[in-house]
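Novice: here is the input, now give the coordinates:
(2 chains)
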Amino acid sequence: MATVARPAPGPATPSQGEREILGKAYDLQLLKRLWPFVRPNARMLVFWSIFMPLTIVFELSQPMMFRYSLTQHILTGQIGMLPLDAGAYFVLVILQGGSSFCETWFLQAAGQRTMHALRIAAFDKVLSQRAAFFDRMPVGRLMTRMTNDIESLNDMFAQGAITLVADFIKMLSIVVVMFVVDWRLTLLALTTLPALIMLVEYARRLMRASFRQIRVRLAAMNAFAQEHLSGIKVLALLGRARTALSEYNDINAGHRDAYLGQIRGDSMMYAIVEAIEAFATGLVLWIVAGRPHDASAIQTVGVIAVFIDYLRKFFAPVKDLSQKYAVMQGAMAASERIFELLDTDEPDGAMPMNTTLVDNDPDDAPKASKDGPALELAGVQFSYGAEPVLRGVDLRVPRGASVAIVGATGSGKSTVIKLLTRLYERERGAIKIDGVDLRDLPLAELRRRITVVSQDVILFAGSLLENIAMGQEYARTQVEEAVRRVGLDRALKRRSSGLDTPVAERGSNFSAGERQLVAFARALLRDPEILILDEATAHVDPEAELLIEKGVAELMKGRTTLVIAHRLTTIRNADLIVVMDKGQVIEQGNHEQLVAKGGFYAALERTFRRQEADA
Amino acid sequence: MLALTNVFGVGVPLLFGRAIDEIQASGTDQHRVHKLVLIAIALAVGTAVSRILSRIWIFNAARGAEYDLRSDLFGHMLNMSPGYYRDHPVGDVMSRLTNDVQTVRAMWGFGLVSLANSLLAFVSVLGVMLWTDPRVTLFAIVPFPLIYFTGKAMSKRMWTSQRNVQVELGKLSSRIQEDLGAMQVIKTYGLEKVRRKGFIERSEKLLDENMAAARVRIQLGPALNTLAALSMVLLILMGGRAVIHNDMTQGDILAFAAYLMRLVWPTLTLGFMLALVQRGRVSWARLAELTDVKTDVPDGTGEPLPASKAPAKVEVKDLTITIGDRAILEHIDLELKPGTITAIVGRTGAGKSTLVDALCRLIPVPPGSVFIDGRDTTTLPLASLRQQIGYAPQEAFLFSTTIADNIAMGYGGGTAIPAARAKELESVGRLAPPDLRDEPRVVAAATAAGLVRDLAAMPEGLATIVGERGITLSGGQRQRVALARALAAEPRLLVLDDSLSSVDAETEKLILSHLRAVMHGRTAVIISHRVAAIKDADQIIVIDQGKVIARGRHEQLLADGGTYADLYKTQLDTDVVKEAS
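Specialist: I've put the predicted structure just below:
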């Protein structure tokens, strides 16, 4: 019986309610967690922070230049100076362009490199999880975390949080420059500031609630789609496509309507900021008009020119604040999901970065004994969730012997293999290699000493050589020798490139028989102490069958071997046959003994004989 | 509305320009200036109102369009056959449904507003400038054609670089998928370091492509900005000369400067828009790839079957199913008489499940090979065909909703969004599903599927939410919920595809005793490896390598001593051996 309780959300994933309460603090917390990934690229941010104010300086000096030209040359009629003014202005423009390019480039570089670091961290995290993690986690979701979510986080660098800092500095600089030009007028213009702040705060609140709804509904909509597309077969059978679409559209409509607040806030902010800008400008003109200015008319016009322009520049960043806010929200949602993955902790223990309690120091390893059996299982129990799979398995594999396990699907044969390589952890009982408990061996050592050849041979995109060497350094002649010994060379004769033959994704350009031989060559090169072989059940042509049979024989020669056998020859030639049923060993002995016993094996053997006669 | 907004918008600097002139000309007479300023501010308020309205209107229209786009896409994807999803991972489809839709929406919503605003700003500002001083205007706008051509040339480069990023992202995704599928090999062969190295290389390539794309993208802003600022340079040269020659007032040149400043923003927006449009186009193409594929199991165009409670009659005539170039089923002939139970047995990979899929038309079936009540299933509307069938698969798929809703889905009831979720989504009004925990049909089906004891142990009983957002059921429990769903349909044809494989022997016995009663008055097909489930069948079909190799009743087949007898004796590929040993 499964535990009947809604799973409590982990510590790093507060519930929706908590998130609402935490609000800004929660976003800050996410930013703080992002920092370790940004830090290695802090140099880029330093460069950015050099160019950012430069851009502002060059940009803000342009109106001053215009004012200078206007008051000093144009209004005084010095026509000859105009080309010089225009040239100087153009230089400022070019400088601004160059500086702004550098500024953005460094920001992008910091962002992209941070994303690269995050991708690697996510990959490492996933790679170091134990096998049970992957039973639960759909491949699609993991892929989304490592690709799309990280990409959308990058938007924050391109258009989000960090540019907000730049905007703020720019607005501050504008106020300073305006102050220098005419502090009275500046104070006057700044009287609109309370209205501006109130407006921004109001719009932000409007949008904040809206964004939270959008986030929740978008997630719900995507989860709904993901689930329904995964269950498309059931959906088709239930004739539920129309109902599903209408349910989807309910959430879809909710998602659409959730934007109402955001749209209102955004539109208001944009338009009213524009109006406030006009008001501020009007205010400045109004006051200037009242000043006695006949003496310094030229000066006045210059001041007005500069003010109009600066006010415009001052208000511009506020206008697209909501756009940036939207990007930030999306990025925050993505980073939340990424950190959820990074917070997962079900370590397998194989990777050096995960030196947890599960793994052991090689120095502490107990002394191995070469006297007993090479491999021993005693009272091993295991279950996947609520279903018991192994109910006390006892098994001894003598040194140098070959042991065949036979049994029906679901009898627990494959599970035994998974426990031997510690892909899954046994729940009770003991498993020993040379008298040493598996858990006392470092995982890397364990997996070096035991090699598993499974029936689904997985080939990676790359060259055949890479697929046989599997990340180890072997001389080419060594690989060729292994290929020859398992008989893969004969199968390869049709391919001109030999070992350099490219392997397509998922090995689709290799037949089932060829894949088996590749797997044998892999195992032969690794030369393991203990070989575990899950014989393939797939039908191959008789020629390949013969090759495979020879390959298996070559691989098993003089090696301690445990075979999940499907072929009569393999079973017959085994030193010991173990019959499993419902997670227990029910018979064992050699072929003759078991046939004479007339039990389960005897019946099984008849079927095998019949099958082979049919073929 | 947009046009009005921009006309208003242009009026503001125009009035301010006049006001400046007045300041110059009128000396101490402030009243005319004040009047102008007041009009300008009134105009600005008008602009604000019309801008708010137009933005809300356009953004809402874009939301509506996004809604339609999502709805159409999801509807299309729901109608694809299960076969489609074997070749197209759900992850990839999802990435298009989420990211690409968002990119396209950005192109239409924000993009459209920006584009319209930019263009109108250009037109109206240029209009006013021409009206004020055509000669200076002509000089000042010299850079604008340059802006257009530069933008166009760069957007082509942007498209290419953006596509390269997508390609690289695709390669990275494939690699991740490859690794995730090979996790056991990676672990047992200690390949972590090698795969990690390869992953980092791919990730670095993506980084490079991203930076290459960024380089192009971030050139655009400064480039356009510089070109736009050229106008100011020309204004200083030509406008300054004009003022000196008294062809232009001081107020005019200031207004001109303000106009040109007004154009800088639309110009930058235009650049941003180009980037957005290029990304949108790439995404649009990816969405079109989804919608261009038509389902390989099209809806039948004939009349639906008349409503009936009588057991169905099913015939299979010379059915051959080929997938790729491999024949999965060859020349199958079969008749399921109304009210009978047919068992299908055979080894893994013999073609049993394919046969069942063909009966339900989950896979493309050649016309004239599968008949229900004498009607060719390819001519039947799919909805009508599947209304006749209750199907319990081996891989039980449950939706993350309550158990009751999962069961009720069998007869077209239930919802995938239970009340608790609807509340969370704050849209309870529209989504207010009924509580089905006391629904007699649901309770009866749950009882027949042997769920009573399990439900009693759950505090919420039938209202317990299962799946990703609820509790995790065991394999056997899931299978039984799926069975209850099939039973709740009260189908005319009941199909059990090895649907009790994860159920323990004792519970199975209980279910089988219920099933006998339930199957009465229905036509049933059972795939099972367990003799207990099949020995009472009216006919047993033995399939091997896609062909029917024997058929008959249990005793008959046993007496013949063929493959069936062997299967029975040894229980090869079975997990219950009681009767054999």
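
Novice: can you pull out the strands in chain B?
Specialist: Along chain B, counting by DSSP state E, strands occupy B:314-323, B:326-336, B:341-345, B:370-372, B:375-376, B:389-392, B:493-497, B:523-527, B:539-544, B:547-552.

Novice: in TSV, list these along with mean pLDDT.
Specialist: Output for the strands of chain B, formatted as TSV (pLDDT from 0 to 100):
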stretch	mean pLDDT
strand B:314-323	90
strand B:326-336	88
strand B:341-345	90
strand B:370-372	94
strand B:375-376	92
strand B:389-392	89
strand B:493-497	90
strand B:523-527	91
strand B:539-544	89
strand B:547-552	89
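
Novice: how about TSV for these, with mean neighbour count and distance to chain A added?
Specialist: Placement of C-beta: from N, CA and C, glycine included. Shown next, in TSV, are the strands of chain B (neighbours: other CB atoms under 10 Å in any protein chain shown; distance: least, CB to the nearest CB, whole Å):
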stretch	mean neighbour count	distance to chain A
strand B:314-323	17	15
strand B:326-336	17	11
strand B:341-345	24	14
strand B:370-372	22	14
strand B:375-376	18	17
strand B:389-392	26	5
strand B:493-497	25	9
strand B:523-527	25	13
strand B:539-544	22	9
strand B:547-552	17	10
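
Novice: check contacts around A:Gly372.
Specialist: A:432, A:434-435 (CB atoms under 8 Å, 6 or more residues apart in numbering or on different chains).

Novice: wait, A:Met52 sits on A:Ala166?
Specialist: Yes - counting by CB atoms under 8 Å, A:Ala166 is a contact partner of A:Met52 at 5.1 Å.

Novice: what's the overlap in contacts for the two?
Specialist: In contact with both A:Met52 and A:Ala166: A:Glu103, using CB under 8 Å, 6+ apart.

Novice: more neighbours, those two?
Specialist: The residue with more neighbours, out of A:Met52 and A:Ala166, is A:Met52; 24 against 19, by other CB atoms under 10 Å in any protein chain shown.

Novice: any idea which helix or strand carries the more buried one?
Specialist: Assigned by DSSP states H and E, A:Met52 falls within helix A:42-68.

Novice: who are the packing partners of that helix?
Specialist: Helices and strands touching helix A:42-68, by 3 or more CB pairs under 8 Å, 6 or more residues apart in numbering or on different chains; DSSP states H and E, are helix A:82-127, helix A:161-181, helix A:297-319, helix B:192-234.

Novice: buried stuff in that helix?
Specialist: For helix A:42-68, burial by neighbour count (16 or more other CB atoms under 10 Å in any protein chain shown) applies to A:44-45, A:47-49, A:51-52, A:54-56, A:58-68.

Novice: next: stretch A:121-137.
Specialist: So, applying 16+ other CB under 10 Å, buried residues of stretch A:121-137: A:121-134, A:137.

Novice: ok, B:Val136 touching B:Tyr259?
Specialist: No - using CB under 8 Å, B:Val136 is not in contact with B:Tyr259; the gap is 10.7 Å.

Novice: what do the two both touch?
Specialist: Listed as contacting both B:Val136 and B:Tyr259 by CB under 8 Å, 6+ apart are B:Met129.

Novice: so what's the residue count around A:Pro502?
Specialist: Counted with other CB under 10 Å, A:Pro502 comes out at 12.

Novice: contacting residues for it?
Specialist: For A:Pro502, the contact set (CB under 8 Å, 6+ apart) comprises A:462-464, A:509.

Novice: try it again with 10 Å
Specialist: By CB atoms under 10 Å, 6 or more residues apart in numbering or on different chains, the contact set of A:Pro502 is A:461-464, A:466, A:495, A:509.
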